Each structure stands twice: as C-alpha cells, then as structure tokens.
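Asker: have a look at this prediction, sequence included:
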Amino acid sequence: MSIEIEQPRNDVAMPVQDRMISGLTIRVREPDDCAAVAEIMALPKVSWGTHWMPFASREQTRQWIAGMPEGSIQTVALLEGKLVGTAGIIALKGRRNHVGAIWMAVHDEFQNRGIGSALMAALIDAADNWLNLRRLELTVYVDNDAGVALYKKFGFQIEGTRRQDTFRGGAFVDAFAMARLNEG
C-alpha cells in the first residue's frame with residue numbers, strides 16, 4: 001500500500017504515513033471542495049459524531065469554510081479522487097497562541113480504513129513542524145470509541161469530561177476534553 005501526499009501550493013512537503021493507503025491524497029481544502037464537504041457533513045455517522053447540525057445547506061457549509069480564521073490549516077482526504085474526509089487545525093491567538101483546536105470528519109462509508117489516521121498525522125506534522133503549536137486539543141463524544149482510540153493513538157489524553165456537552169438525538173451526551181502536548 002502507498003499513500004500519495006499532494007504537494008501543497010507553498011511547496012511544503014507533508015509526511016508519509018506509517019500505514020500506507022493506496023490512492024490516498026491529503027491536500028489543502030479548496031473552495032471547490034465545498035459541495036463534497038457539505039455532503040460528508042450531512043451523513044448520519046458524521047452528524048452523530050460531530051457538533052454539525054443535521055440539514056445544514058451547502059451555503060451554510062460554504063460560510064463555515066469561508067469563516068475559518070487566518071492561520072488555520074484546512075485539509076481534505078481524497079481516495080482515488082473522491083473526497084472522503086476533511087480535518088483542520090484552528091490556531092488560537094493571544095496568550096493561547098501555542099494552542100491549536102482540531103476537528104475532523106470522515107465519510108460514513110470510509111471510516112475505519114486509516115483515513116482519520118492519515119488526516120491526523122498530517123495535522124500533527126503541521127502543528128509540530130510548521131505552526132510551532134505546543135498543545136493540540138479537541139472534544140470527542142464519550143460514546144465515540146473509534147474516535148477516542150484514534151486520538152489516543154496519536155498521544156492525546158483525556159483531561160476531563162464535559163457533562164451534557166451537546167444535545168443529540170433527543171438527549172444530552174457527554175464529551176471528553178482531550179489534548180496532546182508537544183514538549184519536544
């Protein structure tokens with residue numbers, strides 16, 4: 001298996017994964033990706049596992065993408081040319097300029113194939129080697145066992161539980177606050 005990492009426009013090389021996935025490309029998210037990202041975000045498993053509201057329109061997705069703060073890293077995963085995932089880091093400002101908030105979504109039909117791992121590896125490389133972020137943080141629902149396992153694999157630790165964090169499926173769900181420190 002092999003992974004192809006598309007060269008970003010600024011000619012910064014991205015890392016190659018330990019687990020290779022034939023036909024997988026990680027690249028910067030472009031405005032033309034909006035429709036495919038909107039489709040992913042509307043999928044049942046993605047909606048269940050993220051803060052994204054069901055029935056969000058393509059225009060809402062476009063506005064969300066356009067509203068990302070400057071300095072954010074926004075990526076997509078393409079498998080054989082099909083957009084199958086998206087992830088990003090939002091670098092915080094001020095006294096928290098050493099912190100990045102991570103988010104991720106992988107297409108329902110392509111979960112558990114290593115795509116989340118490839119996206120996370122690319123984000124961590126950017127955070128550690130290009131953005132000089134010392135702390136990465138994220139929130140994951142306590143019933144998202146696959147997500148928790150993925151984040152632990154990359155060195156994230158549970159720092160606490162956010163009780164009744166989100167209203168989902170007619171009930172409140174707790175979420176873990178997780179973080180990874182780069183002390184190197």
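Answerer: Yep, it's here.

Asker: and residue 62, which of the three is it?
Answerer: Put simply, residue 62 is helix when judged by DSSP: H, G, I helix; E, B strand; the rest coil.

Asker: neighbours of it, how many?
Answerer: Using other C-beta atoms under 10 Å, residue 62 is surrounded by 15 other residues. Placement of C-beta: from N, CA and C, glycine included.

Asker: same thing with residue 126?
Answerer: When neighbours are counted by other C-beta under 10 Å, residue 126 registers 21.

Asker: got it, and residue 131?
Answerer: Residue 131 has 19 neighbours, counted by other C-beta under 10 Å.

Asker: any idea which helix or strand carries it?
Answerer: Residue 131 belongs to no helix or strand when assigned by DSSP states H and E.

Asker: hmm, residue 127 is touching residue 137, no?
Answerer: No - if you go by C-beta atoms under 8 Å, residue 127 and residue 137 don't touch, sitting 10.9 Å apart.

Asker: which one of those two is surrounded by more residues?
Answerer: For residue 127 and residue 137, the more surrounded residue by other C-beta under 10 Å is residue 127, and the numbers stand at 22 against 18.

Asker: extract the CA atoms of whatever helix or strand the more buried one lives in and return them as CSV.
Answerer: Per DSSP H and E: residue 127 is located in helix 115-129. This file holds the C-alpha atoms of helix 115-129, laid out as CSV (Å, rounded to 0.1, in the frame of the first residue of the first chain):
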residue,chain,number,x,y,z
ILE,A,115,-8.2,7.9,6.6
GLY,A,116,-8.6,9.5,10.0
SER,A,117,-5.1,8.4,10.9
ALA,A,118,-3.7,9.9,7.7
LEU,A,119,-5.5,13.2,8.3
MET,A,120,-4.4,13.3,12.0
ALA,A,121,-0.8,12.6,11.0
ALA,A,122,-0.8,15.5,8.5
LEU,A,123,-2.3,17.8,11.1
ILE,A,124,0.2,16.9,13.8
ASP,A,125,3.1,17.3,11.4
ALA,A,126,1.8,20.8,10.5
ALA,A,127,1.3,21.6,14.2
ASP,A,128,4.7,20.4,15.4
ASN,A,129,6.9,21.3,12.4
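
Asker: and the angle from the helix or strand following that helix to helix 115-129?
Answerer: Downstream of helix 115-129, the first helix or strand assigned by DSSP H and E is strand 135-141. In terms of direction (axes from the mean of the first three to the mean of the last three C-alpha atoms, to 10 degrees), strand 135-141 departs from helix 115-129 by 150 degrees.

Asker: what segments of this structure are strands?
Answerer: Under the criterion DSSP state E, the chain contains strands at 3-5, 24-28, 73-79, 82-91, 99-106, 135-141, 157-168, 171-181.

Asker: just the CA trace of the fifth one, in CSV.
Answerer: What it means is strand 99-106. Output in CSV follows, covering the C-alpha atoms of strand 99-106 (Å, rounded to 0.1, in the frame of the first residue of the first chain):
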residue,chain,number,x,y,z
VAL,A,99,-2.7,26.0,21.1
GLY,A,100,-4.5,24.5,18.2
ALA,A,101,-8.1,23.2,18.2
ILE,A,102,-8.5,20.1,16.0
TRP,A,103,-11.6,18.9,14.2
MET,A,104,-12.2,16.0,11.8
ALA,A,105,-14.9,14.2,9.8
VAL,A,106,-14.6,11.1,7.7
